[in-house]
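**Student:** I would like the atomic coordinates for the input below:
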Amino acid sequence: MRLIRYLLGKIILWNEQRTAPTPLTRATEAQEALNQMTSEWLLYEFNACPYCVKVRQEVRRLNLEIQRVDAKRDAEHKKILIEAGGRYQVPCLSYPTPSGIIWLYESDAIIAFLRKQTA
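**Tutor:** Reported below is the predicted structural model:
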């Protein structure tokens, strides 16, 4: 079973590289504003998770600079995800708001949020 998971993971990562979208181009000021807005955002992920790949592809397409955190291999971030976010599920986007940190789960919800923020 480990061999199958290993091979599937390699296939998923290879396909992610092969199908990487072309990033959107924006005016310098607009890109800098987006970079500043997303500077404190964290994407909790597993490297070969297909749902995480889906979100990473959209982050690339939208040309966003969001810090990625490996919640599988980094025990500290795994603990934060469970304790602060409330569950051990990826992908999860955390971002600050005036009322506190928001923990957004589910790839489709994350993608919809990212598209709304960049519209």
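**Student:** how far off centre is the helix of greatest length in the chain?
**Tutor:** Taking DSSP state H as the criterion, the chain has its longest helix at helix 2-18. Centre-to-centre, helix 2-18 and its host chain are 18 Å apart (C-alpha atoms, centre = their mean, to the nearest Å).
**Student:** show me where the chain has strands.
**Tutor:** Remark: strands assigned in the chain by DSSP state E are 42-45, 67-70, 92-97, 100-105.
**Student:** quick one on the thing from earlier: can you pull the buried residues of the longest helix of the chain?
**Tutor:** If you call a residue buried by 16 or more other C-beta atoms under 10 Å, then helix 2-18 has these buried ones: residue 16. Using the backbone N, CA and C atoms, a C-beta is placed for each residue, glycine as well.
**Student:** which elements pack onto that helix?
**Tutor:** Judged by 3 or more C-beta pairs under 8 Å, 6 or more residues apart in numbering; DSSP states H and E, the packing partners of helix 2-18 are helix 50-61.
**Student:** when you compare where the helix it packs on runs with where strand 100-105 runs, what's the angle?
**Tutor:** Interaxial angle, helix 50-61 versus strand 100-105 (axes from the mean of the first three to the mean of the last three C-alpha atoms, to 10 degrees): 120 degrees.
**Student:** mean confidence for helix 50-61?
**Tutor:** For helix 50-61, mean pLDDT rounds to 97.
**Student:** show me what it is packed against.
**Tutor:** If contacts are counted by 3+ C-beta pairs under 8 Å, 6+ apart, helix 50-61 sits against helix 2-18, strand 42-45, helix 107-118.
**Student:** burial check on the closest residue in space to residue 49 that isn't next to it in sequence, number of neighbours?
**Tutor:** Closest residue to residue 49 apart from its sequence neighbours, by C-beta to C-beta, 6 or more residues apart in numbering: residue 90 at 5.9 Å. Counted with other C-beta atoms under 10 Å, the neighbours of residue 90 add up to 23.
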